[in-house]
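> Make a model of this:
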Amino acid sequence: MDDDIELSIDPALDKPPRLAIVWARGLAIAGGASPGRGSPGPTLAALLERVRAAGEAWLTPARKAAVRDMLRHGVYKPAGRAKPSSEYLLAAALEGSFPFVNGAVDANNAASLAYGYPASVFDLEKCGKRLLLKRGGPGDSYVFNASGQEIDLEDLLCLWKAEAEGLWSPIGNPVKDAMGTKVFETCGSIVAVVYAPSGPEGRDLEACAELFAGLLRSDCGAATASWRLA
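Numbers count the residues shown, from 1 in each chain. Okay, here's the model as predicted:
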């Protein structure tokens with residue numbers, strides 16, 4: 001795989017998270033060849049059954065606390081609507097409202113649900129190959145849904161795409177991703193980032209990334225899909 005995606009980490013970050021980059025090219029959904037899903041693929045369906053059988057215990061208190069601590073900084077408090085996306089997915093799975101979007105997004109959500117790590121997935125053509133992880137500053141925000149709602153990014157860990165030399169725009173974080181780089185049905189190539197806490201609760205990052213890449217191959221028909229640690 002010609003992995004030429006760059007992910008830099010702001011050296012000013014205290015206790016940066018562990019990160020895995022997952023990518024795929026030649027997705028079968030390119031050109032609208034595969035319609036949006038209204039139901040899960042077989043791997044996700046089986047996972048949802050296991051999660052519902054386990055209930056809230058699926059996400060251990062230690063994993064939940066470690067992921068929240070990864071985000072807690074300054075004015076940002078990871079609770080309520082500001083909780084990690086992995087917690088939202090677990091709640092949706094237990095309530096029977098788990099979102100089925102398209103192959104690549106479903107793969108992202110399945111890997112996140114399986115291990116309790118939040119993840120961001122982007123259309124590679126929209127985000128480009130140069131990414132940066134740093135915290136948002138005062139006044140930073142972006143639209144995260146079709147209704148035009150915005151998320152305040154101050155002190156939140158965010159991924160930024162390169163616009164020009166020294167100029168970056170925020171596109172994603174462990175809570176909600178930006179509308180402008182989201183994956184839709186005509187997307188042929190994606191890049192994703194899985195966020196895991198440092199320390200013992202980050203131990204499953206490699207397994208999570210491997211599951212994600214495997215689903216991109218098996219469920220999305222990717223010509224190539226793989227991962228590496230950042």
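> Can you name the residues that contact the residue nearest to Arg228 when sequence neighbours are not counted?
Closest residue in space to Arg228, ignoring its immediate chain neighbours: Ile21 at 5.7 Å, by Cβ to Cβ, 6 or more residues apart in numbering. Quick note: C-beta positions are derived from backbone N, CA and C, even for glycine. The contact partners of Ile21, by Cβ atoms under 8 Å, 6 or more residues apart in numbering, come to Asp3, Ile5, Leu7, Val191, Ala192, Val193, Trp227, Arg228, Leu229, Ala230.
> Compute the distance between Ile21 and Ala230, please.
Distance of Ile21 to Ala230, given as Cβ to Cβ, to the nearest Å: 6 Å.
> Between the two, which contacts overlap?
The contact lists of Ile21 and Ala230 share Leu7, Val193, where a contact means Cβ under 8 Å, 6+ apart.
> Give me the subset of the contacts of Ile21 that lies in strands.
Secondary structure defined by DSSP state E assigns Leu7, Val191, Ala192, Val193, Trp227, Arg228, Leu229 of those to strands.
> buried subset of those residues?
Taking 16 or more other Cβ atoms under 10 Å as the criterion, what is buried in the ones in strands among the contacts of Ile21 is Leu7, Val191, Ala192, Val193, Trp227, Arg228.
> what's across from the fifth one in the sheet?
Spelled out, that is Trp227. Assessed by DSSP bridges, Trp227 has beta-bridge partners Val22.
> And for Leu7?
Taking DSSP bridges as the rule, Leu7 bridges to Leu131.
> So which of the buried ones among the ones in strands among the contacts of Ile21 is the closest to Lys134?
Leu7 (11.4 Å; Cβ to Cβ).
> Hmm, Lys129 and that closest one touching each other?
No - applying Cβ atoms under 8 Å, one finds Leu7 not in contact with Lys129, separated by 9.5 Å.
> if we can go back for a sec, and the pLDDT at the residue nearest to Arg228?
Note on Ile21: pLDDT of 98.
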